[in-house]
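Colleague: Give me a model of this one.
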Amino acid sequence: MALSPEETRRYARHLVLKGIGGTGQQKLKAARVVVVGAGALGSPVIAYLAAAGIGTLGVVDDDRVALSNLQRQVVHATPDIGAAKTDSAGAFVAALNPHVAFAAHQMRLSPENAAGIFSGYDLVVDGSDNFETREAAAVAAEALRLPVVSGAVSMFDGQVTVLAPHLSRADGSAAPDFRDLYPVTPNPEDLPSCEAVGVLGAVTGVIGTLMAMEAIKLVTGVGDPLISRLLLYDGRSARFTEIAF
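Modeller: Modelled structure (predicted):
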């Protein structure tokens, strides 16, 4: 997929970057990526994937922008309060990069609609804020043989991994799936919401940017994605820890 002269100037730092170059940028332009959630994690994902030149960027969200979102959801602004998050995110993407096609899915992801939404995409980035939605995204993506970049945050901490059970590890075994990461469904009462315990806005930026990085790696084939690995971030001590699973 050829780049226009304007795109060549826009992506100049990618084009000279060893490992990306023209081939990698063309892969980004050809890619179709869907982001679940246009909130705290989805915001930096949307921003950096749009800036990177993802050809088609879909966003699934049924929520509207609230004043309390603006402490961390950086694709939305004060004038967007009350607007659908998909509309606000779409306006952000259009202003940032007119070469990105934006697809709004203004609905809540569920086990019933996830497969239908995902079927038009190559990659899922899950920035949802509840276990049920994460499970629905992972199950649908696995059935479609799509990788999922999954992230989560709470208070000062966050985590990110890549689920791709349709791929094989170095020893030939299948990569782990959602149930390998969460073998027991947690009680909702044991998963306090951000409304209850809070979250530092900058932590969502750290994790969301890492999620965007994993998505770009998967699209371009550069580097080693976080498959079979869970990366944990402790914001208070500024430490990263990696767990194999």
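
Colleague: Put the alpha carbons of the helix or strand containing residue 153 into PDB.
Modeller: Take DSSP states H and E as the rule and residue 153 turns out to sit in strand 148-154. Provided in PDB are the C-alpha atoms of strand 148-154 (Å, rounded to 0.1, in the frame of the first residue of the first chain):
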ATOM      1  CA  VAL A 148      -5.500  -9.200  21.800                       C
ATOM      2  CA  VAL A 149      -3.400  -6.600  23.500                       C
ATOM      3  CA  SER A 150      -4.900  -6.400  27.000                       C
ATOM      4  CA  GLY A 151      -4.200  -3.800  29.700                       C
ATOM      5  CA  ALA A 152      -5.600  -2.900  33.100                       C
ATOM      6  CA  VAL A 153      -5.000  -0.200  35.800                       C
ATOM      7  CA  SER A 154      -5.900   0.500  39.400                       C
END
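
Colleague: Relative to that strand, what are the paired strands and their orientations?
Modeller: Paired with strand 148-154 in the same sheet, following DSSP bridges, are strand 123-126 (parallel), strand 157-163 (antiparallel).

Colleague: hmm, who's touching the longest one?
Modeller: Residues external to strand 157-163 that are found in contact with it (C-beta atoms under 8 Å, 6 or more residues apart in numbering): 138, 141-142, 147-153, 175-178, 181, 203-204, 206-207, 210-211, 214, 218, 225-227, 229-235. In this view, the C-beta of every residue, glycine as well, is placed from N, C-alpha and C.

Colleague: and the end-to-end length of stretch 3-14?
Modeller: Using C-alpha to C-alpha, to the nearest Å, one end of stretch 3-14 lies 12 Å from the other.

Colleague: In that stretch, which residues are buried?
Modeller: 3, 7, 10-11, 14 (16 or more other C-beta atoms under 10 Å).

Colleague: And for stretch 223-233?
Modeller: 225-228, 230-231, 233.

Colleague: Which of the residues you listed sits closest to residue 70?
Modeller: residue 233 (22.6 Å; C-beta to C-beta).

Colleague: my read is that closest one is in a helix, agree?
Modeller: No - in this structure, residue 233 is strand, not part of a helix, as judged by DSSP: H, G, I helix; E, B strand; the rest coil.

Colleague: Just give the nearest non-adjacent residue to it, would you?
Modeller: Excluding the flanking residues, the one nearest residue 233 by C-beta to C-beta, 6 or more residues apart in numbering is residue 158, at 4.7 Å.

Colleague: distance of the one you found from residue 103?
Modeller: 27 Å (C-beta to C-beta, to the nearest Å).

Colleague: between these two, who's got more neighbours?
Modeller: Relative neighbour count places residue 158 above the other of residue 158 and residue 103, with 26 against 16, counting by other C-beta atoms under 10 Å.

Colleague: Not counting its neighbours along the chain, what's nearest residue 108?
Modeller: residue 62 (4.2 Å).

Colleague: Thank you kindly, that will do.
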